[in-house]
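[1] Model the following, please.
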Amino acid sequence: MAGALVLAPSVLAHIERPAYWPDPRPDKSISPPAGGKVPKPRSLASALDASKPGKTRIVCQRRSLQRAQNSILDANSNGYRIRPTQPKLRLDPGKAKRLLTLNGRFAHRCSYHSIQRAVFASHNNDRIVIMPGVYTERHSRKQPTNDPSCAKYLTDTDFGGGAVGLSYRYQYHCPNDQALINVLGRKPGKGAPPPPQMDRHGIPDLGPCIRCNLQIEGSVPNPSATVIDSGDRSAGNRGPSGVGSKKDVALKADRADGFVLRNVTVRHASEHDVYVLETDGYLLDRVQLYYAGEYGALMFTSDHGVTENCDGVGNGDSAVYPGGAPETDDDPAPNAPDARDTAFYPHERLNQTIRRCDLHHNNMATSGTMGNGVHIVHNNIYRNTAGIVTDSFYAGGHPGFPQSGAVFEKNNIYSNNFDDYAPKSDVESSTGVPLGVGLLIAGGNGDVVRDNHIWNNWRRGTMLLAVPDAISCAPGTETCSIANASSTSYGNRFYDNVVGRAPGGKARPNGVDFWWDQFPTNTGNCWFNNRGPDGTNADWTGDPQRFASAGSSVPGFLPEDCLSPGNVGTGAPLKEATLLNCAQVAIGDPSCEWYVKPAKPASKAAAHQRRHVKRQATRLIGEEQLRAPACSLAGDTQSCVAYANRP
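    Predicted coordinates:
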């Protein structure tokens with residue numbers, strides 16, 4: 001119940017404008033059209049082909065050519081990795097020779113030393129090629145933050161309180177107020193933006209494309225050679241998170257339909273290394289995202305997007321965050337408030353994909369409030385505080401309540417036991433999450449968790465908990481409304497996963513494989529055809545203990561039958577007491593079990609921890625400050641009866 005409060009992100013340094021989902025149809029006012037699909041990257045070899053659409057601008061530094069030559073020769077001789085778990089990639093001699101020639105031509109054509117200046121000069125269909133070096137964008141760093149000259153462009157926010165949000169017009173006229181590099185894809189619409197609208201389908205103040213279909217890429221295959229650094233460059237690819245940052249965002253793509261970013265490292269932003277906002281059609285490929293204060297890559301109210309072949313390390317919230325995603329899915333919850341608009345989205349579909357990435361040593365690997373219709377597939381997710389996380393807590397202007405329709409499949413999710421709450425951690429948690437969890441759904445509907453390998457997560461392999469509307473939808477917000485007592489945590493399916501066993505066959509148990517809060521009234525959640533350490537469906541662990549026989553309803557068991565009329569949560573006061581307690585304490589407070597590193601499964605210390613948590617929950621459950629909010633938020637439920645019957 002309280003998970004939403006725990007998962008609330010920290011207050012942003014800049015308050016963003018109310019955001020809208022872009023029109024999913026391609027914009028045919030330019031040729032080729034922008035948006036409507038994931039953009040296909042243009043080859044580096046075609047960058048200087050005058051017969052192709054657009055103009056190419058080259059950005060370089062004094063020693064860029066030498067660095068390019070060294071990088072290419074090293075990739076030919078020794079190979080390179082974009083992410084730790086992949087085999088080394090090696091350039092064959094012919095390709096290395098062609099790249100050396102091409103970079104020589106780039107150096108001869110180079111006329112920019114600032115990426116931002118090259119962006120300002122660019123138009124629709126243009127390209128920017130960045131030669132190796134560390135780009136700190138000195139001119140952008142010097143630009144004022146909260147510039148008084150742009151105060152007239154502030155706008156209302158989803159939270160009321162007057163004009164304090166940074167409108168698109170603000171970004172257009174003061175582009176480096178917030179961002180080190182700002183790619184503004186369109187002119188502002190005529191006039192001031194309207195007050196926040198309940199209906200977020202379509203951007204109301206959209207102007208014409210001026211930098212749509214822009215491609216930015218490093219000139220060598222190894223992204224480590226071409227670096228955009230918003231903070232202390234002397235820290236290299238290390239932390240702490242956001243170290244020395246001068247700007248909230250390192251690189252922002254705003255209403256930049258058809259945007260492509262390739263072959264670069266981005267690091268040390270105080271908030272987000274890469275930020276894609278209100279954009280239809282984007283590709284982030286072969287990128288390294290290091291030590292941002294919040295998100296390595298934030299994709300917000302954007303559509304038709306792919307993030308692939310990435311490495312995300314050291315981020316204070318998550319490495320990758322597809323939040324406020326379009327409602328392109330069909331929510332299975334009864335009376336769900338986020339029904340798909342079939343006129344705007346004619347067909348149910350997944351709208352954004354994260355694939356072939358290593359996401360490790362972060363607070364979370366992935367997160368995404370209202371991450372609707374997101375596809376997370378073929379990733380290695382390891383050594384984070386928590387792995388995959390999605391939730392329905394309304395915060396920061398996230399349309400699309402409640403979260404629904406995500407698919408998490410074919411991932412390796414393991415050893416997520418990194419304690420970023422420790423005093424000397426180089427990652428500072430900006431969001432409280434339970435340490436030692438592989439996958440957490442906090443208030444999602446119709447999410448699918450299938451065909452993953454999940455092992456050695458010392459608290460829980462997966463968690464499913466409800467987020468009542470009364471918590472999720474704060475009064476007065478514009479894109480979230482209370483439809484009924486609880487519209488979250490329905491119809492989630494966990495199946496065909498291998499738990500507690502590494503891919504090589506060795507038993508590596510999770511603390512508990514599958515955990516459910518059993519929230520009253522929740523229906524349709526089911527766990528079936530999962531295999532434990534012995535390779536059978538009889539050797540995994542659950543809390544509640546295990547599934548009942550098909551078609552039956554036995555309190556205290558995980559349902560196997562998704563459609564059984566008896567498949568309904570019956571309440572678990574001890575669990576709710578623990579969750580509510582965690583909601584009321586500061587991030588890292590050890591009185592919340594989430595912030596205490598769990599002991600290794602099956603050890604004496606683990607058994608002692610379980611007994612301690614149960615004793616603490618039993619004590620808390622009788623305290624009025626926990627009993628009263630539980631019942632007021634959940635309504636007249638079996639849980640409230642259970643609380644009321646206690647002394």
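[2] okay, CA-based contacts and neighbour counts for the rest of this
    Will do.
[3] For residue 282, give me phi and psi.
    The phi/psi pair for residue 282 (degrees, to the nearest 10) reads phi -150, psi 160.
[4] no no, residue 499
    Note on residue 499: backbone dihedrals following degrees, to the nearest 10 are phi -120, psi 150.
[5] quick one, what contacts it?
    Contacts for residue 499 (CA atoms under 8 Å, 6 or more residues apart in numbering) come out as 453-455, 461, 509-510, 513, 530-533, 540.
[6] From the residues you listed, pick the one nearest residue 594.
    Nearest to residue 594 among the contacts of residue 499, counting by CA to CA, is residue 461 at 13.9 Å.
[7] isn't there a strand covering the closest one?
    Yes. Judged by DSSP: H, G, I helix; E, B strand; the rest coil, residue 461 forms part of a strand.
[8] what about it, how many residues close to it?
    Neighbourhood size, residue 461 [other CA atoms under 10 Å]: 32.
[9] mind listing what it touches?
    For residue 461, the contacting residues are 437-439, 454-455, 499, 510-515, by CA under 8 Å, 6+ apart.
[10] and what of residue 244?
    230-232, 268 are the contacts of residue 244 under CA under 8 Å, 6+ apart.
[11] Break down the stretch 501-647 of the chain into its strands, ranges please.
    For the stretch 501-647 of the chain, applying DSSP state E, counting those that start in this stretch gives strands covering 514-516, 526-528, 542-543.
[12] would you list those in TSV and tack on distance to residue 495, mean neighbour count and mean pLDDT?
    As requested, those are exported to TSV (distance: least, CA to CA, whole Å; neighbours: other CA atoms under 10 Å; pLDDT from 0 to 100):
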stretch	distance to residue 495	mean neighbour count	mean pLDDT
strand 514-516	11	21	96
strand 526-528	5	20	95
strand 542-543	13	18	92
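[13] what's the next secondary structure element after the host helix or strand of residue 106?
    Assigned by DSSP states H and E, residue 106 belongs to helix 93-109. Next in sequence after helix 93-109, counting helices and strands by DSSP H and E, comes helix 115-120.
[14] Sort out which residues of that next one are buried, please.
    Of the residues in helix 115-120, 115-116, 118-119 count as buried by neighbour count, 16 or more other CA atoms under 10 Å.
[15] mind showing which ranges of the stretch 151-300 of the chain have poor pLDDT?
    Along the stretch 151-300 of the chain, segments meeting pLDDT under 70 span 161.
[16] With the chain instead?
    Applying pLDDT under 70 to the chain picks out residues 1-14, 161, 335-338, 394-397, 470-471, 473-485, 546-556, 620-647.
[17] try it again with 80
    Where the chain drops to pLDDT under 80, the residues are 1-15, 159-163, 334-338, 393-397, 468-486, 545-557, 583, 606, 610-647.
[18] Could you confirm residue 149 falls within a helix?
    Yes. Residue 149: assigned to a helix according to three-state DSSP.
[19] Now do residue 228: how many residues are near it, please.
    Residue 228: 23 surrounding residues under other CA under 10 Å.
[20] For it, give the beta-bridge partners.
    Beta bridges link residue 228 to residue 135, residue 266 when assigned by DSSP bridges.
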